[in-house]
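[1] Here is the input, now give the coordinates:
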Amino acid sequence: MTQSLDFETLVATRRSIRGYRPDPIPQHLMAEIIEIAKRAPSSMNTQPWNFHAITGAPLELIREGNTERMMAGAAVDREIKTADHGYQGVHRDRQVEIAIQLFEAMGIERDDKVRRQDWVMRGFRQFDAPVSVVVTIDRELAGDTVAHFDCGAATYGLVLAATSKGLGCVINGQGIMQSSVVREHANIPEDEVIMTCVAMGYPDTDFVANDVISRRAANDDVVNFVGFDD
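    Model prediction:
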């Protein structure tokens, strides 16, 4: 039985886990985690999310199909729409910073093309985690950005719930780069749109990148306090 953590400790100790032990996760534990995640708030209790927990042979087929297509140069086939221009400015700086932290932890040199490519492929394989949870939204709400916000809340709830049970997670957009592959092998209904996926499993304590702590912007950079006296 895992020991419960207070909320502040849970949030502070959560890490994006990119190396996993192969131990399977039982269905009853996944059901408990999703039950907790479903308590996330949503606009007027609309609950626009769906969770597809995948393991075993279907997940292996998703890994293979996603990796093969991406390595063959196929166009990205995500169902969720993202900005075409990519991140710029401070947002790009933060992306670069965490990449540097991870590569330094793993000992991957800037000119080591083989190991850098292997790192990318790990993402396509959902970091070889024993479970992937694909989060979808009801198609009738696909264009509703409030519903997208709600799905984000449920996804964070999923990650915190898994962490509270002794598991590790990483929210991994690379795992749905070829959404048609995911849809086929996860039997996702046509009336749902794939938003993201979460790799999940027991953390490999020997995988040094799991110890990387991403930095957060200072309050002075992101918070505007209005009307406070102290």
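
[2] Counting neighbours, what do you get for Val131?
    24 (other C-beta atoms under 10 Å). Just so you know, the C-beta spots here come from the backbone N, C-alpha and C atoms, and that holds for glycine as well.

[3] mind listing what the residue nearest in space to the middle of the chain touches?
    With distances taken as C-alpha atoms, centre = their mean, Ile171 lies nearest the centre of the chain, 0.7 Å away. Contact partners of Ile171, counting by C-beta atoms under 8 Å, 6 or more residues apart in numbering, are Ser16, Thr155, Val159, Thr196, Cys197, Val198.

[4] Including neighbour count, pLDDT and secondary structure, could the residues you listed go into JSON lines?
    Below are these laid out as JSON lines (neighbours: other C-beta atoms under 10 Å; pLDDT from 0 to 100; DSSP: H, G, I helix; E, B strand; the rest coil):
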{"residue": "Ser16", "neighbour count": "19", "pLDDT": "96", "secondary structure": "strand"}
{"residue": "Thr155", "neighbour count": "22", "pLDDT": "98", "secondary structure": "helix"}
{"residue": "Val159", "neighbour count": "23", "pLDDT": "98", "secondary structure": "helix"}
{"residue": "Thr196", "neighbour count": "19", "pLDDT": "95", "secondary structure": "strand"}
{"residue": "Cys197", "neighbour count": "27", "pLDDT": "96", "secondary structure": "strand"}
{"residue": "Val198", "neighbour count": "24", "pLDDT": "98", "secondary structure": "strand"}
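
[5] now, which of these sits nearest Val96?
    Nearest to Val96, judged by C-beta to C-beta, of the contacts of Ile171 is Ser16 at 16.0 Å.

[6] And the closest residue to that closest one other than its chain neighbours, which helix or strand is it part of?
    Leaving aside its chain neighbours, Ser16 sits nearest to Val170 (4.3 Å; criterion: C-beta to C-beta, 6 or more residues apart in numbering). Element membership of Val170 [criterion: DSSP states H and E] is strand 168-171.

[7] wouldn't the residue nearest to Ser16 be in contact with Thr196 here?
    No. Counting by C-beta atoms under 8 Å, Val170 sits too far from Thr196 to count as a contact (10.8 Å).
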